[in-house]
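Trainee: Just a sequence and a predicted model for now, questions to come.
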Amino acid sequence: MPNRSFRPAPVTARDRLLEAGVKLIRRQGFAATSVDELCREAGVTKGAFFHHFASKEDLGARLADYWGASTSGFFSEAPFRQHGDPLDRVLAYLDLRIALIGGPAEGFSCVAGTMVQEAFLTSGAIRSACRDSIMGNADLMVDDLRAAIAARGVDADAESLARHMQAVIQGAFVLAKIQDDEATAGEVARESLQHFKRYLTLLFEKGTVQ
């Protein structure tokens, strides 16, 4: 997603450090981002960093919380929520996700997804916070999926389908990061989500899972 498209401009030192984490960790990863770099990017002292965070790991976990709260708030209040049909809401959610893909991969990828790929075995705190962030986004669509399933008599599980949607979104970000240029990165990521949208459309038209 474009930077700060769904987050207010940072005011406090803590928020500036979290925004620095979003920028630097999406661009270069968690391990490669030092406390000194975070402080320089945020324009704060190292003392300010350790006033707000016990360690770099603590910042990583709190960053996943910050990211999850921001994205959940954004998608909870997005215009697609006004559609009357639950399937239309799900498909419009995917349209919004597709529309938000643009520019370099570090500008639209998920900071929680980036961190957990590095730290899932080395930091339980970061893994847990990233899980809550990513699955929180999955949970946002469960009620709409459940209502669409019931309305159309589809043999599917709403929770499982919501998890699979996040798997496609996170996978699209990974595929974007392995491309050699910005244009191809966005094209590949959008293509992945468009395929999933077609899958959902066919699933609900057919009325059953094969």
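Mentor: Thanks, I have the structure now.
Trainee: Report the contact partners of M141.
Mentor: Going by C-beta atoms under 8 Å, 6 or more residues apart in numbering, M141 touches 90, 93, 162, 165. Any C-beta I mention is one placed from the backbone N, CA and C, and that applies to glycine too.
Trainee: do that again at 10 Å, thanks
Mentor: Counting by C-beta atoms under 10 Å, 6 or more residues apart in numbering, M141 makes contact with 75, 86, 89-90, 93-94, 148, 158-159, 161-162, 165-166.
Trainee: who does the lengthiest helix in the chain touch, helix- and strand-wise?
Mentor: As assigned by DSSP state H, the longest helix anywhere in the chain is helix 182-206. Where contact means 3 or more C-beta pairs under 10 Å, 6 or more residues apart in numbering; DSSP states H and E, helix 182-206 is packed against helix 86-99, helix 105-108, helix 142-152, helix 158-177.
Trainee: So which bits of that helix are buried?
Mentor: 185-186, 188-190, 192-193, 196-197, 200, 203-204 (16 or more other C-beta atoms under 10 Å).
Trainee: What's the separation between the residue most central in space within the chain and R40?
Mentor: The residue lying closest to the centre of the chain (C-alpha atoms, centre = their mean) is C110, at 4.1 Å. Distance, C110 to R40, using C-beta to C-beta, to the nearest Å: 24 Å.
Trainee: Likewise for V22?
Mentor: On the measure of C-beta to C-beta, V22 and R40 end up 15 Å apart.
Trainee: Now do the same contact list for the nearest residue to G21 once chain neighbours are set aside.
Mentor: Closest residue to G21 apart from its sequence neighbours, by C-beta to C-beta, 6 or more residues apart in numbering: L63 at 4.4 Å. Residues in contact with L63 (C-beta under 10 Å, 6+ apart) are 17-22, 25, 30, 38, 53, 111-112, 115, 126, 129-130, 133.
Trainee: do the same with Q166
Mentor: So Q166 contacts 110, 113, 134-139, 141 (C-beta under 10 Å, 6+ apart).
Trainee: Can you flag the buried ones in the residues you listed?
Mentor: When the contacts of Q166 are checked against 16+ other C-beta under 10 Å, the ones flagged as buried are 110, 113, 134-138, 141.
Trainee: from those residues, which ones fall inside helices?
Mentor: 113, 134-138.
Trainee: quick check, nearest of the buried ones among the contacts of Q166 to G171?
Mentor: G113 (9.3 Å; C-beta to C-beta).
Trainee: List the residues that contact the closest one.
Mentor: Neighbours of G113 in contact, by C-beta under 10 Å, 6+ apart: 26, 64, 67, 130, 133-134, 166, 169-171, 173-174.
Trainee: How much space separates it from E106?
Mentor: 12 Å.
Trainee: Common neighbours of these two, please.
Mentor: With C-beta under 10 Å, 6+ apart as the test, G113 and E106 both reach 26, 173.
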